[in-house]
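Asker: missing the sequence, but the structure's below:
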């Protein structure tokens, strides 16, 4: 099984406006949820994410998200893509 590691930045605000602001900065908004813990809002580097998405087993892979030094094991639940450019615009991760 393949493992991926993403270096993420924490986001402060949730919602459509905050996600759009994150995209304007050149990052991909994402969320980590599950495991009876609080939801963590993050942003990912689009180049790292697109390289990982090109791999065939991304949705079954064990993913480690490093948010400011705190590592979390997750699996990818959903990726939303732009309808025209086919670039990722939002990612949902679920804790293991």
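Answerer: Sure thing, it's come through. Keep in mind it's a predicted model, so treat the numbers as computed, not measured.
Asker: how far does stretch 76-96 sit from the chain's center?
Answerer: 7 Å (C-alpha atoms, centre = their mean, to the nearest Å).
Asker: distance between the ends of it?
Answerer: 10 Å (C-alpha to C-alpha, to the nearest Å).
Asker: which other residues reach that stretch?
Answerer: Stretch 76-96 has contacts (C-beta atoms under 8 Å, 6 or more residues apart in numbering) with 19, 23, 28-35, 37, 44, 46, 49-50, 53, 58-59, 61-63, 65, 72-75. Quick note: C-beta positions are derived from backbone N, CA and C, even for glycine.
Asker: among those residues, which lie within helices?
Answerer: The helices, defined by DSSP state H, take in 19, 23, 46, 49, 50, 53 from those.
Asker: may I ask you to name the longest strand in the chain?
Answerer: Counting residues, the longest strand found in the chain (DSSP state E) is strand 70-81.
Asker: and the angle for that one with helix 46-53?
Answerer: 80 degrees (axes from the mean of the first three to the mean of the last three C-alpha atoms, to 10 degrees).
Asker: what element comes up after strand 70-81 heading to the C-terminus?
Answerer: strand 88-95 (DSSP states H and E).
Asker: give the buried residues for that following strand.
Answerer: Neighbour counts over strand 88-95 (16 or more other C-beta atoms under 10 Å) mark 88, 89, 90, 91, 92, 93 as buried.
Asker: returning to what we had before: now the longest strand of the chain: mean pLDDT?
Answerer: Averaged over strand 70-81, pLDDT sits at 94.
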